[in-house]
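Student: Can you look at this prediction? I've put the sequence above it.
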Amino acid sequence: MPIKIPKRLPTREILEQENIFIMDDERAIQQDIRPLNIVILNLMPEKEKTEAQLLRLLGNSPLQVNITFLRTTSYEPKNVSSSHLKDFYTDFDSIKYQKFDGMIITGAPIEHFRFEEVDYWEEITKIMDWAEENVTSTLHICWGAQAALYHHYGIDKFALEQKCSGIFSHRIIAKQGIELLRGFDDEFIAPHSRYTDVSIEEIENAEDLTLLAYSAEAGPFLMMSKDRKHIFATGHLEYDTTTLAEEYIRDCTRGLNVEVPSYYFPNNNPEEKPINRWRSHAHLLFSNWLNYYVYQQTPYEWK
C-alpha cells in the first residue's frame, strides 16, 4: 500500500528514486475504496488446483477482491466435474456486459497445437478483445501469455527440442520505476513448464512491449505492454511446491521422453522432496499487479 506524504516533502524525490510507492494528499483525498472485481479464465485441466494456487496469492493483500471464474463453452473440460463447473463457473455470455478491474488468463497444456487449431481459439480471442475495453489490466500466464502475444502483437511461439521444465534463474533487465518489480531481487527463480517459447528478439523489437525479466536458460519471462493493460508471465510463479513433481510423474507414466525438471529436486533426485524457493516472488508479483496495475488504475465507477 502507498505511503501518504505531503506533496512538497523534500524526501519525496529520494523515495521516488528508490522506487518507493508514495501518494500525496491531493491524490489521496480523491480515492475511494471498493472491492476489486477479478475474472479468472481458468484453462488448466485440474481446475481446483489452479483455483487454490491463484486464490492463495490474490488473497494475500489488504484489498478486498471479488472473484468470478470463467470457463469456455466451445470446449468441455474432462478433468473436472460438471457440477463443479455449474456451481462455480460462468460463461462469457453471462459477463460480457460487465466491467472488471482485473483478469487472469491461465496456461493450458495445448502447446503442440497451432493457436488456430485450438478448439476454443475463436472464443478466447473474443474474450481477449472484449477485455481491451472492459478490463483495467490482464495478467496472462504461460500459454495464456503466448496466446495474447500472438493475438495482440503477432508474436508466434516456436517448439523447443526438449520440454522446458524446472526452476530457473532470471535477471531483472527493465529500467527502474517498474512497479510490477518492486521488492524483486535483481536475480530470482521461477518455475517453468512448457514445450514452446517466444523469441526475445521479437519481444524487444515490438514497439508496444517492454521486456522485464529474462532467463538465459528459459528465455523471456516477464513482459508488459506500454499501456500497462497486459502483463505476460511465460512461467508459473503460482505453482505449488510439488506441481512440477506431479507433472513429471504424469509424463513418465504416459511414456513421454522427459528429463528430470532442472534445479528442482535436491541432488537432482526425484526421490527427494522438492523445496519451494520461489514463493516470496510469487506473492510479490501478484500483490504488485493487484495494487499498481489494478487498484491504482481502475476507476471507482466504470462509465
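Tutor: On my side now, so go ahead.
Student: remind me, longest helix of the chain?
Tutor: helix 121-134 (DSSP state H).
Student: got the domain boundaries for this structure?
Tutor: Using automatic domain parsing, the domain parsing of the chain gives 1-31, 34-295.
Student: Pick the most buried one from these.
Tutor: domain 34-295 (a mean of 17; mean count of other C-beta atoms under 10 Å). All C-beta atoms are positioned from the backbone trio N, CA, C, and that covers glycine.
Student: follow-up on the earlier one: so what's the model's average confidence on the longest helix of the chain?
Tutor: Mean pLDDT, computed over helix 121-134, is 97.
Student: residues contacting the closest residue to His192 other than its chain neighbours?
Tutor: Leaving aside its sequence neighbours, His192 sits nearest to Gly235 (C-beta to C-beta, 6 or more residues apart in numbering; 4.3 Å). Gly235 is in contact with Cys142, Phe168, Ala190, Pro191, His192, Ser193, Ala218, Phe221, counting by C-beta atoms under 8 Å, 6 or more residues apart in numbering.
Student: Rebuild the residues you listed as JSON lines, extending it with distance to Gln297.
Tutor: Shown next, in JSON lines, are those (distance: C-beta to C-beta, whole Å):
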{"residue": "Cys142", "distance to Gln297": "24"}
{"residue": "Phe168", "distance to Gln297": "30"}
{"residue": "Ala190", "distance to Gln297": "25"}
{"residue": "Pro191", "distance to Gln297": "28"}
{"residue": "His192", "distance to Gln297": "28"}
{"residue": "Ser193", "distance to Gln297": "30"}
{"residue": "Ala218", "distance to Gln297": "29"}
{"residue": "Phe221", "distance to Gln297": "23"}
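Student: In TSV, list the domains of the chain along with distance to Trp302.
Tutor: Shown next, in TSV, are the domains of the chain (distance: least, C-beta to C-beta, whole Å):
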stretch	distance to Trp302
domain 1-31	16
domain 34-295	4
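Student: in this protein, which ranges drop under the pLDDT threshold?
Tutor: 1-12, 14-16, 18-33 (pLDDT under 70).
Student: for it, what spans make up the strands?
Tutor: For the chain, applying DSSP state E gives strands covering 3-5, 22-24, 36-41, 65-70, 89-90, 100-105, 135-141, 158-172, 187-197, 209-215, 219-225, 230-233.
Student: Distance to Tyr264 for these - can I get that in CSV?
Tutor: Output for the strands of the chain, formatted as CSV (distance: least, C-beta to C-beta, whole Å):
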stretch, distance to Tyr264
strand 3-5, 38
strand 22-24, 39
strand 36-41, 26
strand 65-70, 29
strand 89-90, 31
strand 100-105, 24
strand 135-141, 19
strand 158-172, 5
strand 187-197, 8
strand 209-215, 14
strand 219-225, 16
strand 230-233, 18
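Student: Out of the ones you listed, which is closest to Val80?
Tutor: strand 89-90 (9.0 Å; C-beta to C-beta).
Student: who does that closest one pair up with?
Tutor: strand 65-70 (parallel) (DSSP bridges).
Student: ok now the strand it pairs with, how far from the chain's centre?
Tutor: 15 Å (C-alpha atoms, centre = their mean, to the nearest Å).
Student: ok, now stretch 218-229?
Tutor: Worked out by C-alpha atoms, centre = their mean, stretch 218-229 lies 10 Å from the chain centre.
Student: And the contacts of it?
Tutor: Here stretch 218-229 makes contact (C-beta under 8 Å, 6+ apart) with 132, 135-138, 145, 149, 152, 164, 166, 168, 170, 178, 180-181, 190, 192, 197-198, 200, 203, 207-215, 230-235, 285, 293, 297.
Student: 6 Å instead, please
Tutor: The contact list for stretch 218-229, computed with C-beta atoms under 6 Å, 6 or more residues apart in numbering, reads 137, 164, 168, 170, 192, 197-198, 200, 203, 208-215, 231-235, 293.
Student: Same question for stretch 78-86.
Tutor: Pro45, Glu46, Lys47, Arg71.
Student: Just read off the phi/psi values of the residue lying closest to the third one once chain neighbours are set aside.
Tutor: For Lys47, the nearest residue in space outside its immediate sequence neighbours is Val80; the separation is 4.6 Å by C-beta to C-beta, 6+ apart. In terms of degrees, to the nearest 10, the main-chain angles of Val80 are phi -140, psi 150.
Student: ok, so of the contacts of Gly235, who is nearest Asn276?
Tutor: Pro191 (9.5 Å).
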